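Asks: sequence and predicted structure are below.
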Amino acid sequence: MTKKTVADEKPRVTAEPALGSTRIPADDRKPVVVEPVVVPMPETTPAPGAAGGVADGRKRVIVEGVIPEIDGGRFPIKRTVGETVVVEADVFTDGHDSLSCVLQYRKAGETGWQEIPMRFLVNDRWRGQFQVLELGRYEYTIVAWVDAFKSWRHDLSRWVQAEDITLALRVGGQLVEKAGQRAAGDDAKWLTKRARALIGDQDLDYRRQLGLDEELARLMDRYADRRLELGYDKVLGVTVDDERARFSTWYEMFPRSCSPVPGKHGTFKDCEAWLPRLAAMGFDVLYFPPIHPIGRVNRKGKNNTLTPTPDDVGSPWAIGAAEGGHKDILPALGTLEDFRRLVQKAKEHGIEVALDIALQCAPDHPYVKQHPDWFRWRPDGTVQYAENPPKKYQDIYPFNFETGDWRALWDEIRSIFEFWIQQGVRIFRVDNPHTKPFAMWEWLIGEIKKTTPNAIFLAEAFTRPKVMHRLAKLGYNQSYTYYAWRNTKWELTEYLTELTQGPGREYFRPNFWPNTPDILTEALQFGGRPAFMSRLVLAATLTANYGIYGPAYEMMEHVAVKPGSEEYLDSEKYQVRYRGFQELDGPNSLRDFIALVNRVRKRNPALQADWNLRFHQVDNEQIICYSKATGNRANVILVVVNLDPNYTQAGFTQLNLEELGLDPHQPFEVHDLLTGAHYIWNGPRNYVELNPHRMPAHLFRIRSSLHTERDFVTFDG
């Protein structure tokens, strides 16, 4: 008789699907081959001793230490379309039995789960991952069970005595036979045949090979006995946002200052002329401060004076007048139709218009008369205006969110966002959200996302860390940060390590701004052109989202209203400023440098993410060095910045070549994308020198091969 081989016993089925590629319907769990696994929603089984007693003492698996998990599952993590969710957990049982563990995920609202097998790492730690492909919300959890077949297969490979092997094969035959009963079609026939072969009269070693066969292991995994599986006691959430929530480049400007004629109030039609320029500079979000009617009562004059002249235009954040409120447009800017046209024109240039939503009112806002109970009234019969001692904002009335009519107030606020979404806006920068109820934001953002899942909310909350993080957990897609006040190498390294490697990275997306109409830091007041250049490079490369208060940054405006203040002299918050292209595009402008940095960002995927940031040592505290790389190391960017705006600084880098995907024994090329220069480096230790008055930063693209095609941009000035 010809001796059979294990190959002769392979299952006679068509194209073998990958491990864990089975749909298990809710009725009898009979499989139909699909890709990937989909199973019905399990009934969560409490652990023994939970919920008043033992639910089923035979379920012996423990699932704990799950990451990512925010506040015990209270809040979802965040991803953007196409990103991967990597999940880890501690999964174990008593004794020495083997386990099977799967990661389950689905789009919220679906009844079935898709399954991905989790991989054992070390010390009872398991890992699995899935990709999110649609906007909205996903859910995930973990299911595990004691796997009798895996335990049997493990032991079978260790038996050496014939009698032990014979007995083990009989046990295995029973396990395989039961799996055949759970299967259907050709799979059931093949498993039944294999069960007979295991306990048959063939050579003992041959039968053991049948038991250890990988094909058998795959089918047994597909038709595993999961009656005693136990699921994690939480279903966790993922909010999936549009890609621009992860990577965006913002330019803030006051539309009233965009007139081509000095001294004339700008309009939305005037703003259209700016669009080609902003697109050429690489900006994809054009952010406007409030565009609504401005109150006349207690109007502020130039430089925040309390004695305005008749010609003073007031602060855009003092919203509301006889012409209307939060759903109306300042007549001097144009009509609602003009605004819609601008939004459409911007999209044709690859730019989206973002609006500032400031939930506050001028004293003559229609809400004050229509809903007096939405405001706080003082004993003298006047409304309490906004204060942040020693600052006073006499032209602004904050809402009273403790009003008995709070539900109507919430509904009206929601309608403000909905109104502007109808006009084509989906990106909102929200002013001071930390002074409004947390519960309202969770409700409001959730409601908006139901109909506009690609809406983006940026939280302008320069406040305590826990408050900023709470807002992000509640649904804000991006957040302002403390970047403007982080200047030293230690401060930047510590802060960025927290943002990109700490647990908050799962939900807190930083958006770095070196300046805003409210923030002119000391570093920019006294650092000159080198400070403006270095702070821009840092903002644009440390994080994937960044923005500038544009015209002021281009022209390096740096004079404060008074010593010790961070307020601009002649601030656009209180007056119209002429922003002519002749000046903005002149030799003293940073336009070309900003455009170059933005171009580098768009051409290098490594700069379009946050979590890949890694710092490298330099033996000079005035020089900071860090890298970003794509997962396959096809794109590797190394940034070196001189933090001293006054003097040339030099030092030696100490690179982690392994993280950069480099062979430590081979030279490599670094190509400076800011100057066009090329250097050949060897090993981790290399010399750098930066004169801030020439160029305060290196923005290197690393090439491991010295013969790759050179595709680069250069900067002339």
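Replies: Everything's here; your move.
Asks: in a helix, Ala540, correct?
Replies: Yes: assessed with DSSP: H, G, I helix; E, B strand; the rest coil, Ala540 lies in a helix.
Asks: how about it, what does it touch?
Replies: Under the criterion of C-beta atoms under 8 Å, 6 or more residues apart in numbering, the neighbours of Ala540 are 249, 512, 546, 597-598, 601, 607. For every residue, glycine as well, the C-beta is placed using N, CA and C.
Asks: what's the spacing between it and Ile62?
Replies: 46 Å (C-beta to C-beta, to the nearest Å).
Asks: ok, back up a step: tabulate the contacts of Ala540 (TSV), appending neighbour count and distance to Lys178.
Replies: Formatted as TSV, the contacts of Ala540 follow (neighbours: other C-beta atoms under 10 Å; distance: C-beta to C-beta, whole Å):
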residue	neighbour count	distance to Lys178
Thr249	23	60
Phe512	26	59
Tyr546	24	59
Val597	26	64
Asn598	20	63
Arg601	21	58
Leu607	25	55
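Asks: tell me what the top strand by length along the chain is packed against?
Replies: Ranked by residue count, the top strand of the chain under DSSP state E comes out as strand 136-146. Here strand 136-146 touches strand 62-67, strand 84-92, strand 99-107, strand 125-131, strand 230-231, strand 236-241, going by 3 or more C-beta pairs under 8 Å, 6 or more residues apart in numbering; DSSP states H and E.
Asks: could you identify which of these is most buried?
Replies: Among those, ranked by average contacts under mean count of other C-beta atoms under 10 Å, first place goes to strand 230-231 (a mean of 24).
Asks: run through the strands of the stretch 551-700 of the chain in chain order.
Replies: Along the stretch 551-700 of the chain, counting by DSSP state E, counting those that start in this stretch, strands occupy 614-618, 623-629, 636-642, 649-654, 668-672, 678-681, 687-690, 697-703.
Asks: what are the buried residues along the first one?
Replies: Read it as strand 614-618. Using 16 or more other C-beta atoms under 10 Å as the test for burial, strand 614-618 gives 614-616, 618.
Asks: could I get the residues you listed as JSON lines with pLDDT and distance to Trp159?
Replies: Compiled in JSON lines, the buried residues of strand 614-618 are given as follows (pLDDT from 0 to 100; distance: C-beta to C-beta, whole Å):
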{"residue": "Arg614", "pLDDT": "97", "distance to Trp159": "48"}
{"residue": "Phe615", "pLDDT": "98", "distance to Trp159": "52"}
{"residue": "His616", "pLDDT": "97", "distance to Trp159": "52"}
{"residue": "Val618", "pLDDT": "98", "distance to Trp159": "59"}
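Asks: distance check, the residue lying closest to Ala595 once chain neighbours are set aside against Gly547.
Replies: Of all residues not flanking Ala595 in the chain, Met281 sits nearest, at 4.3 Å (C-beta to C-beta, 6 or more residues apart in numbering). When distance is defined by C-beta to C-beta, Met281 is 12 Å away from Gly547.
Asks: same thing with Lys562?
Replies: Distance from Lys562 to Gly547, by C-beta to C-beta: 26 Å.
Asks: give me the more crowded residue out of these two.
Replies: Gly547 (27 against 8; other C-beta atoms under 10 Å).
Asks: name the element the more buried one belongs to?
Replies: strand 545-549 (DSSP states H and E).
Asks: OK, contacts around Leu613?
Replies: Leu613 touches 496, 500-501, 542, 626-628, counting by C-beta under 8 Å, 6+ apart.
Asks: would you mind measuring from the residue nearest to Ala552 when sequence neighbours are not counted to Leu596?
Replies: In this structure, Ala552 finds its nearest non-sequential neighbour in Asn515, 6.4 Å apart by C-beta to C-beta, 6+ apart. The spacing between Asn515 and Leu596, counted by C-beta to C-beta, is 19 Å.
Asks: picking that back up, dump the strands of the stretch 551-700 of the chain into TSV; add distance to Val87 as well.
Replies: Listed next are the strands of the stretch 551-700 of the chain as TSV, based on distance: least, C-beta to C-beta, whole Å:
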stretch	distance to Val87
strand 614-618	23
strand 623-629	23
strand 636-642	27
strand 649-654	34
strand 668-672	35
strand 678-681	38
strand 687-690	40
strand 697-703	31
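Asks: closest one to Asp187 among the ones you listed?
Replies: Asp187 lies closest to strand 623-629 among the strands of the stretch 551-700 of the chain, at 43.5 Å (C-beta to C-beta).
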